[in-house]
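A.B. asks: Provide a 3D model corresponding to the input given below.
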Amino acid sequence: MKAVIFDMDGVIFDSEYATYLSWQKIAEREKLPDFDDVYKRCIGVTYEVTKQICLDAYGQDFPYEKFAKEASLIYHERYDGGRLPVKEGARELLSYLKENAIPTAIASSTREERVVIQLKEAGLLSYFDEVVGGDCVKRSKPAPDIFLLAAERLGIAPADCVVIEDSYNGIRAAHAAGMIPVMVPDMLEPNEEMQGLCRAICETLTEVKRKMAEESVF
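C.D. replies: As a prediction, this is how the structure comes out:
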């Protein structure tokens, strides 16, 4: 292990659930069917892919932009200004990596500008050597592009990069990039496919730190 690349939503921040709650309010009001299943299919992908998933589920006339804007307003009212919860063990793991001079990057499907803002508000931006957003690549996860770009910017070979992800598409992308996938489940439980693709599945980032520091499994 020569570098660690993190997804952000659902890994560094408890933001997948925060986003879910924001959308759920609209889904209940509009009586959107099978919302939980549709939302889970949107985890770990870009805005454009999320929009297409919703159009496929609710019809091509579904006013996605209107609902997405409303959900975004709810989200920002609740969580802006550093109020977005940080996942258990995130600060400790990032401190450990910094102390041991292990390069780190964020590779998130969220727009890069938004990623930087959220990391700044939480006081975490200084822990990362590189930040890559979903708008930096043409293909969304499960394509490996975003992880390959992060490794390129770090100057580390993909095979020497650990990727910490919570989503199926993120793990698929890390595996396709020839990296070392580690899943820390958030809203998606690890299935048989994930167990086959991952080097390790850890309940929390605290467990990831322990494995890195004590067991040297990476």
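A.B. asks: where does Ala159 land in three-state SS?
C.D. replies: Of the three states, Ala159 takes helix under DSSP: H, G, I helix; E, B strand; the rest coil.
A.B. asks: list the residues that contact the residue sitting furthest away from the middle of the chain.
C.D. replies: Relative to the C-alpha centroid of the chain, counting by CA atoms, centre = their mean, Asp61 is the outermost residue, at 28.8 Å. With CB atoms under 8 Å, 6 or more residues apart in numbering as the criterion, no residue contacts Asp61. Using the backbone N, CA and C atoms, a C-beta is placed for each residue, glycine as well.
A.B. asks: that one in helix, strand or coil?
C.D. replies: coil.
A.B. asks: with the one 10 residues further on instead?
C.D. replies: Following three-state DSSP, the label given to Ala71 is helix.
A.B. asks: wait, it sits on Ser22?
C.D. replies: Yes: applying CB atoms under 8 Å as the test, Ala71 and Ser22 come out as touching, 4.6 Å apart.
A.B. asks: quick one: contacts of stretch 104-119?
C.D. replies: 3-9, 12-13, 15, 44-47, 84, 94, 97-98, 125, 127-136, 140-141, 146-147, 149-151, 153-154, 163.
A.B. asks: re the thing from before, do you know how far the residue farthest from the centre of the chain is from Leu55?
C.D. replies: 9 Å (CB to CB, to the nearest Å).
A.B. asks: please apply the same query to Met1.
C.D. replies: 40 Å.
A.B. asks: can you pull the domain assignment for the protein?
C.D. replies: 3-14+86-215, 15-79 (automatic domain parsing).
A.B. asks: do me a favour and get the end-to-end distance for stretch 5-12?
C.D. replies: 11 Å (CA to CA, to the nearest Å).
A.B. asks: now the spatially closest residue to Asp80 that is not a sequence neighbour: phi and psi?
C.D. replies: In space, and not counting its chain neighbours, Asp80 is closest to Glu121: 7.3 Å by CB to CB, 6 or more residues apart in numbering. Dihedral pair for Glu121: phi -60, psi -30, per degrees, to the nearest 10.
A.B. asks: quick one: the strands in this protein?
C.D. replies: 3-6, 104-107, 130-132, 161-165, 180-183, 200-201 (DSSP state E).
A.B. asks: quick one: mean pLDDT for the third one?
C.D. replies: I take that to be strand 130-132. Average pLDDT, strand 130-132: 98.
A.B. asks: contact partners of it?
C.D. replies: 103-108, 112, 115-116, 119, 125, 146, 149-150, 153-154.
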